[in-house]
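Student: let's see this in three dimensions:
(chains A, B, C and D)
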Protein chains: 2
Amino acid sequence: MVAGIVQEPLINKGVKSRRDTAIAEDTVGTTQLDTVPEPKYWHLKTVLSEALDSEFSVGEILPNERDLAARFGVARATLRQALEQLELEGRLQRRRGVGTTVAPPRMGVAVGSEQHTWPGAVGDAWQLADCALAVPPSAVAKALETEPDEQVHIVRRSRVTHGQPVAAELLYIPAASVPDLSGIDAPSGAARARGVLRELQRLGLESQDRSVELGSARADDAKELDRLPGAPVLVVTTRFVAEGGTAAVSVATYRADTCRLTFGDAGGVEIHHDPERRAS
Amino acid sequence: MVAGIVQEPLINKGVKSRRDTAIAEDTVGTTQLDTVPEPKYWHLKTVLSEALDSEFSVGEILPNERDLAARFGVARATLRQALEQLELEGRLQRRRGVGTTVAPPRMGVAVGSEQHTWPGAVGDAWQLADCALAVPPSAVAKALETEPDEQVHIVRRSRVTHGQPVAAELLYIPAASVPDLSGIDAPSGAARARGVLRELQRLGLESQDRSVELGSARADDAKELDRLPGAPVLVVTTRFVAEGGTAAVSVATYRADTCRLTFGDAGGVEIHHDPERRAS
DNA sequence: GAGTGGTCTAGACCACCGC
DNA sequence: CGGTGGTCTAGACCACTCC
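Tutor: Now for the predicted structure:
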């Protein structure tokens, strides 16, 4: 669409001008009848998105919010609304006290292959944290078919990819699924977690089903994922079926900003999803 | 946790009090040292979430934002931050000009069974809309292994569950995948879409892989999904492999607020995910 | 301490829905 | 038309990070 002509930068990085390319000028001549006036933050998001494509590279830091807002002639809250959307789409990364940087493309994270495996099988991507005995949330208890006040083993694991934490998981395992824990000395910690998973793997896994939904990070997950509480996450719930019943339930919380969950036979689908260009 | 004692309502629905149960009083005696003062909107979200559980039923409408803000003694923007989170988590539904209502639990939406099938196979959940010939976005072109400026068939479909639109899809099919379209008269529309899919189904499907990521609704998708532009969506990208190459790519946009995507052997996992009670 | 993003306020006006 | 949520403003202060 844009011809090969020299373009004014959408954002003057170094120098501070009164305002850079006022929004009112719109992007080129939109020729659109003002039937439905788009919100400012939406325009802004589009302009910023294009600027990110053409004028910034991954990891580069943007001007701060106050500057950007002034340059575009909008209130900071309005600018922030645009930045929030871009962050939600994985285009930006913001860190308090540091600044806003251009995010790398989302990484593909494999979530379960066709062949069914128990958690903790060789070569899986998870790192054991610890293990405790506690009453699960009622929704999980129902799936496990345990009494609402019955304690189960809860194994915490975390997943790191490319040196970055991407997911935190809670694995709920009823005592009935791991009947013989006599060989395990450790009362808690990674050693015990390892032991519990080893016992679990003795069962024959019949099937597993999974669901994915949007959620927001609880305080503890947020901390582990190096995000603020409330950050958007993809919650992957897996039910492991063995011997006719639910042997375990896993609730894994993935960073929605940096992760693209991949399923299926081969590796990841290599389509980097650019929201502004999805249509034909 | 809450004993069987009579509780003050967290929200007085009918009557307007100066403010209902000030936030400062916190939820019961939290006994927590004020080491890390939680943001107001986070407290608010918790309180509202509990109120939704105990005092409201699905479909019930909440007091309007100005009232609620006044009752809790916060600015409307702060209240809205809490409501936004609850909407993101699928607990609330807000409609401009109407009000805020309590959302039903997210519906499980099956996204592909273990056995691979072409889109348009008998009994799939999609409804054909139309078909056009156009140049796909570059990311899709790369996955299809077509030239960047090569036109492909683009079939639009939509998915309705329980009378509600849940997803909009764009199916990209290179001309090479459907070599013989001679039997199809219609130049466009649902009839042509049907014909193109029928041709596609003649190929042997070898495998398919899928990815899921968070996105925000484009204007046209938003309209079809009955949401505002920018609404959070789960973008499911599927690559269909046949005869050693990519025969088609599907980009499906699901409403993140109302849908829980389910995968796997059996039906849906029946864990309704309540974010506030995920931990033990 | 200086600079960043995160939270919060108290207003205002607009777009939309139903009556 | 009145009432709803959606957008926007111009401030303020706070929490955090880095120097």
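Student: stretch A:143-153 close to chain B?
Tutor: Yes. Counting by C-beta under 8 Å from any C-beta of the partner chain, contacts between stretch A:143-153 and chain B involve residue A:143. Any C-beta I mention is one placed from the backbone N, CA and C, and that applies to glycine too.
Student: ok now that stretch, how far from the chain's centre?
Tutor: Here stretch A:143-153 is found 28 Å from its chain centre; the criterion is C-alpha atoms, centre = their mean, to the nearest Å.
Student: span of that stretch from start to end?
Tutor: 15 Å (C-alpha to C-alpha, to the nearest Å).
Student: what residues does the stretch 51-200 of chain A have near chain B?
Tutor: By C-beta under 8 Å from any C-beta, the residues of the stretch 51-200 of chain A that approach chain B are A:85, A:88-90, A:106, A:108, A:114, A:132, A:134-140, A:142-143, A:154, A:170.
Student: now, these that are in strands?
Tutor: A:108, A:132, A:134, A:154, A:170 (DSSP state E).
Student: could you identify the most distant pair in those residues?
Tutor: Maximum pairwise distance among these (C-beta to C-beta): 33.4 Å, between A:108 and A:134.
Student: counting contacts, what elements does the lengthiest helix in chain A pack onto?
Tutor: Assignment by DSSP state H gives helix A:40-55 as the longest helix of chain A. Helix A:40-55 is packed against helix A:76-88, with contacts defined by 3 or more C-beta pairs under 8 Å, 6 or more residues apart in numbering or on different chains; DSSP states H and E.
Student: which positions in the helix it packs on come out as buried?
Tutor: Residues A:78-88 are the ones in helix A:76-88 that count as buried (16 or more other C-beta atoms under 10 Å in any protein chain shown).
Student: now do it against helix B:76-88, angle only.
Tutor: 20 degrees (axes from the mean of the first three to the mean of the last three C-alpha atoms, to 10 degrees).
Student: could you pull up the mean pLDDT of helix A:76-88?
Tutor: The average pLDDT for helix A:76-88 rounds to 97.
Student: give me the residues contacting whichever strand or helix holds residue A:197.
Tutor: Per DSSP states H and E, residue A:197 falls inside helix A:189-200. Contact with helix A:189-200 is made by A:118-120, A:128-131, A:153, A:155-157, A:171, A:173, A:177-181, A:183-186, A:247-248, as judged by C-beta atoms under 8 Å, 6 or more residues apart in numbering or on different chains.
Student: out of these, list just those in strands.
Tutor: Taking DSSP E, the ones among the contacts of helix A:189-200 that sit in strands are A:128-131, A:153, A:155-157, A:171, A:173, A:247-248.
Student: for residue A:101, see how far away residue A:94 is.
Tutor: When distance is defined by C-beta to C-beta, to the nearest Å, residue A:94 is 8 Å away from residue A:101.
Student: try residue A:177
Tutor: Using C-beta to C-beta, residue A:177 is found at 44 Å from residue A:101.
Student: doesn't residue A:67 lie inside a strand?
Tutor: No. With DSSP: H, G, I helix; E, B strand; the rest coil as the criterion, residue A:67 is helix rather than part of a strand.
Student: against chain B, how distant is it?
Tutor: For residue A:67, the distance to chain B equals 23 Å [C-beta to the nearest C-beta, to the nearest Å].
Student: can you tell me the SS state at whichever residue of the stretch 101-250 of chain A sits closest to chain B?
Tutor: Among all residues of the stretch 101-250 of chain A, residue A:209 sits closest to chain B, at 3.2 Å; criterion: C-beta to the nearest C-beta. Of the three states, residue A:209 takes strand under three-state DSSP.
Student: just the pLDDT for it.
Tutor: The model's pLDDT for residue A:209 equals 88.
Student: contact partners for residue A:253?
Tutor: Applying C-beta under 8 Å, 6+ apart, the residues contacting residue A:253 are A:167-169, A:215, A:217-218, A:221, A:225, A:233-236.
Student: partners of the residue nearest to residue A:60 when sequence neighbours are not counted in the sheet?
Tutor: Leaving aside its chain neighbours, residue A:60 sits nearest to residue A:102 (5.0 Å; criterion: C-beta to C-beta, 6 or more residues apart in numbering or on different chains). For residue A:102, the beta-bridge partners are residue A:92 (DSSP bridges).
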